[in-house]
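**Q** pasting the sequence and the predicted model now:
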Amino acid sequence: MDNTDIRSMYLSELTEYCESHGYPKFRAKQIYEWLHKKHVSSCEEMTNISKSMREELERDLTPVKYVTHQTDHEDGTRKFLFEMEDGQMIETVFMKYKHGNSICISSQAGCAMGCKFCASTIGGCIRNLTAGEMLGQIYMAINKVTEEEIELGRTSETDSNDKLVSNVVVMGTGEPFQNYDNLIRFIRIITSEEGYNLSIRNITVSSCGIVPNIKRLADEGLGVTFALSLHAPTDELRKTIMPIANQYTIEETLAATDYYFDKTGRRITIEYSLMNGVNDTAECAEKLGKLLKEHNSRGEQHGIYHVNLIPVNPVDERDYKASGATEVEGFKASVKFYSEN
């Protein structure tokens, strides 16, 4: 796969690219806007650029091809399947909300982290996605959702789709911190004023807890929301379901997320997938609540951590089953009690 991908370039790099190819500097901004404001999937759509230049640019645009998608007609959620240049298939999810639409993107083809309850890690990690491939998931989804809305008569072709997506979550397939450089490049491009101009506060990055890169992200000065996939309140239990726990203890990990809060002022989300009979017991709830109380008692009025409880999504190849509604509510109440008392 060609290492040159114009969708992965900063505007300054695209300017250098144009100059090196003998094109005027002003072309860079035009190309950048076509890619990141108008979300073209092919350079043939760049109508104010000559045909010969479009043909040359096309060779340096890594494609993200639409394959299919499924729509939940009750809540408007779309699950997309995209194909990368080398044939890798990537899943992306578009979710409709009253406060603004969100999209969940993948950062890798496959995943090497080995979490026992997750389907994404079964085949291991095949490769990292480029920043352009991460961006391409968003832009292609925007285009397809817009087309579908037009077909249903819910919008017109003159409506702007610039902010059809107002929240981005890097929580799909892959461990973002194993693709750190491309992740940071993606964040800087999607938030650039000359491009999509997404608010940095509307980006969430989820990780299973690679401690050095939690601190590294804190020092970037970006201030994205950070979500930690914890899924257990003790090291012993976490080791049985998440191999990363053999490398970093919970205390080491939470020390890093404390540091993230200190550097950015952004509250931390704790992701906790509830598995029936595994991590949803009364004992687990008590230990999680007390753990959060310890770290929330650092002066922040509302605490620096909040918990997102999610019944695990059953996977055919795994034995884990989701906790029932009663267990979820009981666990939630217990965590709240022990974190506040």
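**A** Structure received. Numbers count the residues shown, from 1 in each chain.
**Q** number of residues surrounding E45?
**A** Number of residues near E45 (other C-beta atoms under 10 Å) recorded here: 12. C-beta coordinates here come from the backbone N, C-alpha and C atoms, glycine included.
**Q** next, the residue nearest in space to the middle of the chain: phi, psi?
**A** Here the mean C-alpha position of the chain is nearest to the C-alpha of V170 (C-alpha atoms, centre = their mean), at a distance of 0.6 Å. For V170, the backbone dihedrals (degrees, to the nearest 10) come out as phi -90, psi 80.
**Q** thought it was touching Q108?
**A** No - taking contacts as C-beta atoms under 8 Å, V170 lies outside contact range of Q108: 10.4 Å.
**Q** now do the helices in the stretch 1-150 of the chain.
**A** 11-20, 26-36, 51-58, 131-151 (DSSP state H, counting those that start in this stretch).
**Q** err, the stretch 151-300 of the chain, not the other one
**A** Under DSSP H, counting those that start in this stretch, the stretch 151-300 of the chain gives helices at 180-190, 211-219, 235-241, 250-264, 282-296.
**Q** quickly compare the ones you listed and say which is most buried.
**A** helix 180-190 (a mean of 20; mean count of other C-beta atoms under 10 Å).
**Q** for that one, name the packing helices and strands.
**A** If you count contacts as 3 or more C-beta pairs under 8 Å, 6 or more residues apart in numbering; DSSP states H and E, helix 180-190 packs onto helix 131-151, strand 167-170, strand 203-207.
**Q** what packs against the second one?
**A** Secondary structure elements in contact with strand 167-170, counted by 3+ C-beta pairs under 8 Å, 6+ apart, are strand 102-105, helix 180-190, strand 203-207.
**Q** tabulate the ones you listed (TSV), appending mean pLDDT and distance to I138.
**A** Shown next, in TSV, are the helices and strands packed on strand 167-170 (pLDDT from 0 to 100; distance: least, C-beta to C-beta, whole Å):
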stretch	mean pLDDT	distance to I138
strand 102-105	98	6
helix 180-190	98	7
strand 203-207	98	11
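**Q** including distance to T130, could these go into CSV?
**A** As requested, the helices and strands packed on strand 167-170 are exported to CSV (distance: least, C-beta to C-beta, whole Å):
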stretch, distance to T130
strand 102-105, 12
helix 180-190, 6
strand 203-207, 17
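**Q** looking at these, which is nearest to C118?
**A** strand 203-207 (11.9 Å; C-beta to C-beta).
**Q** chain center to the closest one, what's the gap?
**A** 5 Å (C-alpha atoms, centre = their mean, to the nearest Å).
**Q** now it against helix 180-190, angle please.
**A** 170 degrees (axes from the mean of the first three to the mean of the last three C-alpha atoms, to 10 degrees).
**Q** strand partners (parallel or antiparallel) of strand 203-207?
**A** strand 167-170 (parallel), strand 225-229 (parallel) (DSSP bridges).
**Q** mean confidence for the shortest one?
**A** Spelled out, it's strand 167-170. Strand 167-170 carries an average pLDDT of 98.
**Q** need the contact partners of that strand.
**A** 100-105, 107, 134, 138, 176, 183, 186, 190, 198, 202-206 (C-beta atoms under 8 Å, 6 or more residues apart in numbering).
**Q** equivalent analysis for stretch 230-248, please.
**A** By C-beta under 8 Å, 6+ apart, stretch 230-248 touches 113-117, 208-211, 229, 249-250, 253, 270-273, 275, 278-279, 284, 287-288, 291.
**Q** the residues you listed, buried ones only, as a PyMOL selection?
**A** Only the buried entries of the contacts of stretch 230-248 go into this PyMOL selection, using 16 or more other C-beta atoms under 10 Å:
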select buried, resi 113+115+116+117+208+209+210+211+229+249+250+253+270+271+272+273+275+278+279+284+287+288+291
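**Q** closest one to Q30 among the helices and strands packed on strand 167-170?
**A** Nearest of those (C-beta to C-beta): helix 180-190, 16.3 Å.
**Q** that older thread, can you list the strands paired with strand 203-207 in CSV and add distance to A218?
**A** Shown next, in CSV, are the strands paired with strand 203-207 (distance: least, C-beta to C-beta, whole Å):
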stretch, distance to A218
strand 167-170, 16
strand 225-229, 8
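**Q** give me whichever of those strands is most buried.
**A** The most buried one of these (mean count of other C-beta under 10 Å) is strand 167-170, showing a mean of 22.
**Q** might you calculate how far that one sits from the centre of the chain?
**A** On C-alpha atoms, centre = their mean, the centre of strand 167-170 falls 5 Å from that of its chain.
**Q** what do you get for stretch 205-224?
**A** 13 Å.
**Q** over to stretch 266-280?
**A** Per C-alpha atoms, centre = their mean, the centroid offset for stretch 266-280 relative to its chain is 18 Å.
**Q** what do you get for stretch 43-50?
**A** Relative to its chain's centre, stretch 43-50 lies at 30 Å (C-alpha atoms, centre = their mean).
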